[in-house]
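Peer 1: turn this into a structure:
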Amino acid sequence: MKKILLLITFFFCFSAVKAEIKLPNIIGSNMVIQQNADVRFWGKAAKNAKVEVSVSWNSQKFSTQADKDGNFSVTVTTKNFTFEPQTVKFTDLSDKKSVELSNILIGEVWLASGQSNMQMPLKGFPGCNVEDGFEEIMFSADQADRVRFFTVPLKHSYNLEEDVDAVWTVPNVKNSTEYSAVAWYYAKALSHSLGCPVGIVSAAYGGTVVESWMSKQLLEQHGVSTKKEDIEAVKEEYLKILLPYNAMFWPVHKFTYKGVIWYQGCSNVGQHKTYYQRLKSMISLWRSDIGLGDIPFYMVEIAPYDYGSGDAPFLREAQFKVAKEVKNCGLVTTSDLALPEERYNIHPRQKKAVGQRLAALSLNKTYGYETFITSGPVFKELIVEKNEAFVGFDNLQMGICSNYMIDGFEIAGEDKKFYPADSVWLRWQTNHVVVSSKKVEKPVAVRYCFKDFYTGNLLYGGGMIPAYPFRTDDWDDVK
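Peer 2: Residues are numbered from 1 along each chain as shown. Sure thing, here's the model as predicted:
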């Protein structure tokens, strides 16, 4: 009889423990939540329990009911940004037990994802520095009331995961070492420009291909096998498809974001013909999963690096086409952000410029600050006169700011053989760059920085942002 009573007591105690409200780690103290939005919170409680959410920024209470499995979801209305720490309290109305979160800021929230150049922390990687990274770490606590980070750990899963082993952190010299450098500089620039807190959810995994961040159903639509044995046959962990989507994106996809910043593509070099459509599909998938409409999706051009194949410019071209064709999408160039000695370093050190260019793109396109220049000159037209090619450009708010010793241009005739231009000059009256080579009598095509890796005196527009690499031909067999 005593044993039966003990078992009954244990059962009820265990049930009571199980019934307590449990929130996913991304909904926690120290987080930043999106301002002026209907913010989603979710978690687990007792089955059919009534859950009430009270917040510190107003007297309104928000309530919902858990389903038969104990899952609940509730939408909470936020106010304008504030640097004053806020609280959110979740209460099970049946037993009055509650969970209270503290030190919450209200501001702008962005999801940062991609591969190693987004993952690369302020402390750098072995053999790869972030320029001034340790200075940022040293003074990171200065941003404690402005910037917060939630860094998703590297993980694989064959199933859709509900949670990740991470917490929101407040910057200090101990934890900021692991912050994504690009996302850190982005968050700082955005916070100071907008005058509000910024939260970053960082879910980046070095070496991943775009297929790593696609769902099982979407991969199969693109004719990619998602059989476990086929995925396991890939030796390199970082190249396994699907698994990061399940384990790193899915657990945080329901959080309320303003937009996404994305730095990926190096591992897809050589696959540009499929990358274009798959990246478009992935963006559509993420927007659908996040469920907030066509939120901004701002990308970074793959890093200058000697990939050894000559295929990198075709991948950059695919990125440019996606940014041009997909609604509320954009691309920042990196063609000038590598030093000559970084030819064989796929992680260039100048992450501050990348983060700030992303911030300028967001400030202009998302927040309406049109004074920020978002890109360099964009190829518009090619006019041939005798042995000279006149190259015209769009996106010239400040004109062309390079007018002497411009490098990176190549020119070809009908034989499809490209030669470095030995004469490049600016016709300032029309902003045409005039290109010629003594080896090409009748030009038919021009390319600019259409290489895996190129450094030199580039063609700059306003804001010291270089022209996007381009070609005027469609000769895919010519590298």
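Peer 1: shaky segments in the protein?
Peer 2: The model of the chain has pLDDT under 70 over residues 1-19.
Peer 1: domain map for it?
Peer 2: The chain breaks down into these domains under automatic domain parsing: 2-105, 109-365, 378-471.
Peer 1: I'd like these laid out as a markdown table, including mean neighbour count and distance to K479.
Peer 2: The way it works is simple: take the backbone N, C-alpha and C, and place the C-beta from them, glycine included. Formatted as a markdown table, the domains of the chain follow (neighbours: other C-beta atoms under 10 Å; distance: least, C-beta to C-beta, whole Å):
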| stretch | mean neighbour count | distance to K479 |
| --- | --- | --- |
| domain 2-105 | 16 | 44 |
| domain 109-365 | 20 | 3 |
| domain 378-471 | 18 | 9 |
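Peer 1: need the phi and psi values for the closest residue to Y205 other than its chain neighbours.
Peer 2: Closest residue in space to Y205, ignoring its immediate chain neighbours: P244 at 4.9 Å, by C-beta to C-beta, 6 or more residues apart in numbering. Main-chain dihedrals, P244, degrees, to the nearest 10: phi -60, psi -30.
Peer 1: P244 contacts S212, doesn't it?
Peer 2: Yes - counting by C-beta atoms under 8 Å, S212 is a contact partner of P244 at 4.6 Å.
Peer 1: what do those two both touch?
Peer 2: Taking C-beta atoms under 8 Å, 6 or more residues apart in numbering as the criterion, P244 and S212 both touch Y205.
Peer 1: can you pull out the strands in the stretch 151-300 of the chain?
Peer 2: Ranges of strands within the stretch 151-300 of the chain are 168-169, 198-204, 259-263, 297-300, based on DSSP state E, counting those that start in this stretch.
Peer 1: need the domains of the chain in a markdown table (columns: distance to F372).
Peer 2: Output for the domains of the chain, formatted as a markdown table (distance: least, C-beta to C-beta, whole Å):
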| stretch | distance to F372 |
| --- | --- |
| domain 2-105 | 20 |
| domain 109-365 | 4 |
| domain 378-471 | 8 |
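Peer 1: between the ones you listed, which one is closest to D477.
Peer 2: domain 378-471 (8.3 Å; C-beta to C-beta).
Peer 1: show me the contacts for the residue lying closest to E410 once chain neighbours are set aside.
Peer 2: The shortest distance from E410 to any non-neighbouring residue, by C-beta to C-beta, 6+ apart, is to F418 (4.2 Å). Going by C-beta under 8 Å, 6+ apart, F418 touches E410, I411, A412, A445, R447, V478.
Peer 1: grab the nearest non-local neighbour of N328.
Peer 2: Closest residue in space to N328, ignoring its immediate chain neighbours: D294 at 4.8 Å, by C-beta to C-beta, 6+ apart.
Peer 1: quick one: that neighbour and T366 touch, right?
Peer 2: No - using C-beta under 8 Å, D294 is not in contact with T366; the gap is 11.7 Å.
Peer 1: now do the helices in the stretch 301-450 of the chain.
Peer 2: Secondary structure of the stretch 301-450 of the chain (DSSP state H, counting those that start in this stretch): helices at 312-325, 351-365.
Peer 1: what packs against the longest one?
Peer 2: Spelled out, that is helix 351-365. For helix 351-365, the packing partners by 3 or more C-beta pairs under 8 Å, 6 or more residues apart in numbering; DSSP states H and E come out as helix 181-194, strand 259-263, strand 297-300, strand 329-332.
Peer 1: now the lengthiest strand in the chain: how far from the chain's centre is it?
Peer 2: Longest strand of the chain, by residue count under DSSP state E: strand 98-114. Centroid separation for strand 98-114 versus its chain: 17 Å, with C-alpha atoms, centre = their mean, to the nearest Å.
Peer 1: name the residues that touch the helix or strand that it is followed by?
Peer 2: Moving toward the C-terminus from strand 98-114, the next helix or strand (DSSP states H and E) is helix 116-119. The contact list for helix 116-119, computed with C-beta under 8 Å, 6+ apart, reads 112, 125, 180, 182-183, 202, 204-207, 261-264, 266, 300, 303, 346-348, 351, 354.
Peer 1: cutoff 6 Å now
Peer 2: With C-beta atoms under 6 Å, 6 or more residues apart in numbering as the contact definition, helix 116-119 has outside contacts at A112, S180, V182, A204, G206, Y263, A303.
Peer 1: likewise for stretch 466-478?
Peer 2: Contacts for stretch 466-478 (C-beta under 6 Å, 6+ apart): 313, 316, 320, 333, 335-336, 376-379, 382, 416, 445-450, 458-460.
Peer 1: which of the strands of the stretch 151-300 of the chain sits closest to E136?
Peer 2: Closest of the strands of the stretch 151-300 of the chain to E136 is strand 198-204, at 14.0 Å (criterion: C-beta to C-beta).
Peer 1: in this structure Q350 contacts L337, no?
Peer 2: Yes - using C-beta atoms under 6 Å, Q350 makes contact with L337 at a distance of 4.6 Å.
Peer 1: quick one: the closest residue to H253 other than its chain neighbours and Q119, what's the gap?
Peer 2: Leaving aside its chain neighbours, H253 sits nearest to D289 (4.6 Å; criterion: C-beta to C-beta, 6+ apart). Per C-beta to C-beta, to the nearest Å, D289 is found 21 Å from Q119.
Peer 1: what do you get for P313?
Peer 2: P313 sits 24 Å away from Q119, going by C-beta to C-beta.
Peer 1: sorry, back to before: now, the contacts of stretch 466-478 that are in strands?
Peer 2: Among the contacts of stretch 466-478, the members falling in strands (DSSP E) are V378, F379, L382, A445, V446, R447, Y448.
Peer 1: taking those residues, tell me the two that lie furthest apart.
Peer 2: It's V378 and A445 that sit farthest apart of those, by C-beta to C-beta, at 17.6 Å.
Peer 1: against A45, how distant is the residue nearest to E162 when sequence neighbours are not counted?
Peer 2: Leaving aside its chain neighbours, E162 sits nearest to P251 (6.0 Å; criterion: C-beta to C-beta, 6+ apart). Distance, P251 to A45, by C-beta to C-beta: 19 Å.
Peer 1: repeat that for V332.
Peer 2: V332 is 43 Å from A45, by C-beta to C-beta.
Peer 1: what does A338 give?
Peer 2: Relative to A45, A338 is positioned 51 Å away (C-beta to C-beta).
Peer 1: again, but for W213
Peer 2: According to C-beta to C-beta, W213 stands 31 Å off from A45.
Peer 1: also G330?
Peer 2: Taken as C-beta to C-beta, the span from G330 to A45 is 41 Å.
Peer 1: please apply the same query to K258.
Peer 2: Taken as C-beta to C-beta, the span from K258 to A45 is 29 Å.
Peer 1: same question, Y448
Peer 2: As judged by C-beta to C-beta, Y448 and A45 stand 59 Å apart.
Peer 1: show residues contacting stretch 134-151.
Peer 2: Contact with stretch 134-151 is made by 26, 30, 32, 83, 122, 166, 168-173, 176-177, 179, 187, 191, 197-202, as judged by C-beta under 6 Å, 6+ apart.
Peer 1: just to check, the residue nearest to E162 is in contact with D163?
Peer 2: Yes - under the criterion of C-beta under 6 Å, P251 makes contact with D163 at 5.4 Å.
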